[in-house]
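In: Predicted model follows, preceded by the sequence.
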Amino acid sequence: MAMNRIQFQKGLSMENFLRLYGTERQCEDAVVRIRWPQGFVCPKCQCKRVSNTHNGRRLWECLGCKYQCSSIVGTIMENTKLPLKKWFLAMYLIGQSKNAMSSLELKRLLDVSYKTAWMLKHKLLEVMAQEEASRKLERRVEIDDAYLGGERTGGQVGRGSENKIPFIAAVQTNERGHPQLIRLDLVKSFKTEAIAQWAQQALASSAHVVSDGMWGFQGVTTQAGVTHQAHITGHGKKAAMHPQFRWVNTILGNLKTSMSGTFHAFHFAKYARRYFAEFQYRFNRRFNLATILPQLIVAVVGTTPQPLTILRSSEACS
């Protein structure tokens with residue numbers, strides 16, 4: 001069997017990571033270069049006349065408006081008590097991991113409390129979610145309906161169960177039939193109106209959607225203006241092996257394996273959006289693993305603060 005070049009690419013080794021970001025100074029210098037590539041500019045008045053000092057992190061005071069600023073003020077790392085090298089190590093571990101990484105594992109690897117590891121992980125996942133939110137799939141796109149949950153007893157069974165959280169998996173393929181990009185999105189339901197709302201957000205007008213013919217998928221043509229081809233597959237194992245849906249079924253299988261193998265449980269309605277984003281972010285950048293960390297650092301620096309109250313707020317699909 002031929003070696004899969006994507007799976008066996010080098011990526012960014014731990015040795016190279018430590019060479020680039022092994023000290024606090026290296027990490028802070030990276031943040032400063034990204035924020036102010038031409039030198040510090042006051043965020044308030046755009047003045048370049050500043051005094052510079054240090055209190056563990058670099059500090060600037062604008063000589064014009066007297067505004068004081070550190071290297072991480074205004075970023076998602078604002079007010080952190082953690083060394084930046086632990087932030088960078090968390091970004092490296094999450095970005096280079098083949099499967100999902102739990103907060104418990106992150107706690108052990110970073111030598112921090114579970115609460116700190118959970119907050120750090122969810123801040124990074126929120127960055128990934130924001131980066132992926134505007135992505136639109138084009139050309140041929142396989143889509144399928146799926147659920148998270150359903151293990152609790154009682155209540156309605158099957159589609160519409162209050163114990164299940166509905167989501168849509170979509171895979172963009174190229175002219176050779178190989179997967180390129182994916183989206184994983186929570187939806188209110190699989191009714192036509194909800195699918196139409198999803199399609200407007202997730203699909204480019206050039207998309208050609210291939211589905212299993214579920215009635216609600218007619219909604220993809222309602223607002224997004226895409227073409228739609230339905231293949232009636234029936235149910236069971238034979239339907240899952242239908243060649244038209246090879247990649248979306250593969251992605252769903254990998255997603256569920258990754259989640260069940262990493263997380264014992266989590267609040268699906270509140271946090272699935274971020275866990276989906278983690279899987280989606282890595283998959284969509286898998287062609288060059290060495291660039292995932294630099295891209296994530298830029299995204300982290302460019303994301304505004306996310307207090308714990310926001311991280312813990314409900315994220316049920318609205």
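Out: Sure thing, it's come through.

In: so what's the residue nearest in space to the middle of the chain up against?
Out: For the chain, the residue nearest the mean C-alpha position is residue 277 (2.5 Å; CA atoms, centre = their mean). Residue 277 makes contact with 125-126, 128-129, 131-132, 184 under the criterion CB atoms under 8 Å, 6 or more residues apart in numbering. For every residue, glycine as well, the C-beta is placed using N, CA and C.

In: So it: helix, strand or coil?
Out: helix (DSSP: H, G, I helix; E, B strand; the rest coil).

In: Residue 248 reaches residue 172, doesn't it?
Out: No - if you go by CB atoms under 8 Å, residue 248 and residue 172 don't touch, sitting 10.3 Å apart.

In: Between the two, tell me which one has more neighbours.
Out: residue 248 (25 against 22; other CB atoms under 10 Å).

In: Assumed that one was part of a strand.
Out: No - Residue 248 is assigned helix when assessed by three-state DSSP, not a strand.

In: How about it: what's its closest non-neighbour residue?
Out: Spatially, and ignoring its direct neighbours in sequence, residue 248 is nearest to residue 142 (4.0 Å; CB to CB, 6 or more residues apart in numbering).

In: Can you give me the pLDDT of the one you found?
Out: The per-residue pLDDT reported for residue 142 equals 95.

In: Residue 69 too?
Out: 89.

In: again with residue 49
Out: pLDDT at residue 49 comes out at 87.

In: How many neighbouring residues does the closest residue to it other than its chain neighbours have?
Out: Of all residues not flanking residue 49 in the chain, residue 63 sits nearest, at 4.3 Å (CB to CB, 6+ apart). Residue 63 has 13 neighbours, counted by other CB under 10 Å.

In: rewinding a little: quick one: the closest residue in space to the residue nearest to the centre of the chain that isn't next to it in sequence from residue 246, how far?
Out: Spatial nearest neighbour of residue 277, excluding adjacent residues (CB to CB, 6+ apart): residue 129 at 3.7 Å. According to CB to CB, to the nearest Å, residue 129 and residue 246 sit 27 Å apart.

In: try residue 12
Out: For residue 12, the distance to residue 246 - CB to CB - is 30 Å.

In: Among the contacts of residue 277, which one sits closest to residue 37?
Out: Among these, residue 131 lies closest to residue 37 (CB to CB), at 20.0 Å.

In: give me every residue that touches the closest one.
Out: 277, 281, 299.

In: same thing with residue 292?
Out: 12, 95-96, 282, 285.

In: do the same with residue 12
Out: Residue 12 is in contact with 92, 96, 289-290, 292-293, counting by CB under 8 Å, 6+ apart.

In: Could I have the buried ones of the residues you listed as PyMOL selection syntax?
Out: Selection of buried members from the contacts of residue 12 for PyMOL, criterion 16 or more other CB atoms under 10 Å:
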select buried, resi 92+96+289+292+293
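
In: Now, the contacts of residue 12 that are in helices?
Out: 92, 96, 292-293 (DSSP state H).

In: want to throw those into CSV with distance to residue 255 and pLDDT?
Out: What follows is the ones in helices among the contacts of residue 12, written out as CSV (distance: CB to CB, whole Å; pLDDT from 0 to 100):
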residue, distance to residue 255, pLDDT
92, 22, 96
96, 18, 88
292, 18, 94
293, 23, 95
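
In: so where do the helices sit in the stretch 151-300 of the chain?
Out: Taking DSSP state H, counting those that start in this stretch to define them, one finds helices in the stretch 151-300 of the chain at 192-202, 236-240, 246-262, 268-283, 292-301.

In: Can you check which of the ones you listed gets nearest to residue 101?
Out: Once these are compared by CB to CB, helix 246-262 is nearest, at 7.0 Å.

In: quick one: buried residues of that closest one?
Out: 246-249, 251-252, 255, 258-259, 262.
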